[in-house]
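Engineer: Using only what follows, build the 3D model:
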Amino acid sequence: MWKRKYLILILTLVGLLAVESSTKRSAVASDFFITLVSLIVFLVVFKRGRERTVAFAAAAAALVLIWARYLPIPVESQPLFEVANHLLQVAFFGFAVVVILRNIFEAAAVTGDEVLGTVCGYLLGAAVWANLYAATAILVPDSFTVSADLKELSGEHGRTALFNYFSVMTLTTVGYGDITPVRPPATALAMLEAIFGQFYIAVVVAELVGLRLPRRQSRQAASPEVKSNGR
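Structural biologist: Here you go, the predicted structure:
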């Protein structure tokens, strides 16, 4: 099963997106899937001792803040807890993206599961920007305009779903216009994410091609020898 570790992670990420996009989603189900994703990212991505220590600290702190929202916290302290939670998730998922890319660049050859790892890095990158948007929306109210159809997602429990959706649309440069950044720093973040998305695809595809090309050339070079030996 460990040979398909990125397949497991990508299925969990897709499950999270499905829960977030469901009209019958619940805050508990969403937080449970975020917890599950964080656990699997920690187990799958981080292998080195120092990396695991840093990642565990960020993930554990974020998860404590996620589940602390169900405790009787003073109303005036809730925004601070939410911002801290989002920034810790930015640190954790951002670190995971860096480690995934580093592992790809250090690899001598690429497997199918590692290709899925690049997709996981792409989706985790979207999660990084989504949490940045969520923190911005709390710190700078009215940073985004939201269409009437998405207004129900503007509340505390729908914020994650709203900005996950917006982040993926921005990362892929699709942009439907039903949620729009209207003031800094939201506008700057949206531009930076669009640039990040393009560079991620360009750099990762170039690296994957660079890893596959020598193997294909070596096979082609060995092919005439095999045929001649067969004769």
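
Engineer: quick one, strands of the protein?
Structural biologist: 144-146, 179-181 (DSSP state E).

Engineer: wait, what's in contact with the spatially most central residue of the chain?
Structural biologist: Nearest to the mean C-alpha position of the chain, by CA atoms, centre = their mean, lies Leu124 at 1.1 Å. Residues near Leu124 by CB atoms under 8 Å, 6 or more residues apart in numbering: 13, 41, 93, 96-97, 100. C-beta here means a position set from N, CA and C on the backbone, and glycine is covered the same way.

Engineer: In helices only, show me those.
Structural biologist: Using DSSP state H, 13, 41, 93, 96-97, 100 are the members of the contacts of Leu124 that sit in helices.

Engineer: Ala148: which of the residues you listed is nearest?
Structural biologist: Closest approach to Ala148 among the ones in helices among the contacts of Leu124 (CB to CB): Leu13, at 29.1 Å.

Engineer: Around Trp67, how many other residues sit close by?
Structural biologist: As a burial measure, Trp67 scores 13 neighbours (other CB atoms under 10 Å).

Engineer: Most tightly packed of the strands of the chain?
Structural biologist: Comparing the strands of the chain by mean neighbour count (mean count of other CB atoms under 10 Å), strand 179-181 ranks first with a mean of 19.

Engineer: Identify the residues contacting that one?
Structural biologist: For strand 179-181, contacts defined as CB under 8 Å, 6+ apart pick out 133, 143-147, 150, 162, 165-166, 187, 189-190.

Engineer: Now the buried members of the residues you listed.
Structural biologist: 133, 143-144, 146, 150, 162, 165-166, 189-190 (16 or more other CB atoms under 10 Å).

Engineer: Is it possible to get CSV of those that adds distance to Tyr176?
Structural biologist: Listed next are those as CSV, based on distance: CB to CB, whole Å:
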residue, distance to Tyr176
Tyr133, 15
Ser143, 18
Phe144, 13
Val146, 12
Leu150, 10
Leu162, 13
Tyr165, 9
Phe166, 9
Leu189, 18
Ala190, 13
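
Engineer: Which residue in those residues has the weakest pLDDT?
Structural biologist: Minimum pLDDT for these is recorded at Leu150 (74).

Engineer: one step back: now, which of the contacts of strand 179-181 sits nearest Phe46?
Structural biologist: Of all the contacts of strand 179-181, Phe46 sits closest to Tyr133, with 25.2 Å by CB to CB.

Engineer: ok, the closest one - contacts?
Structural biologist: Taking CB under 8 Å, 6+ apart, we find Tyr133 in contact with 144, 163, 166-167, 181, 186, 189.
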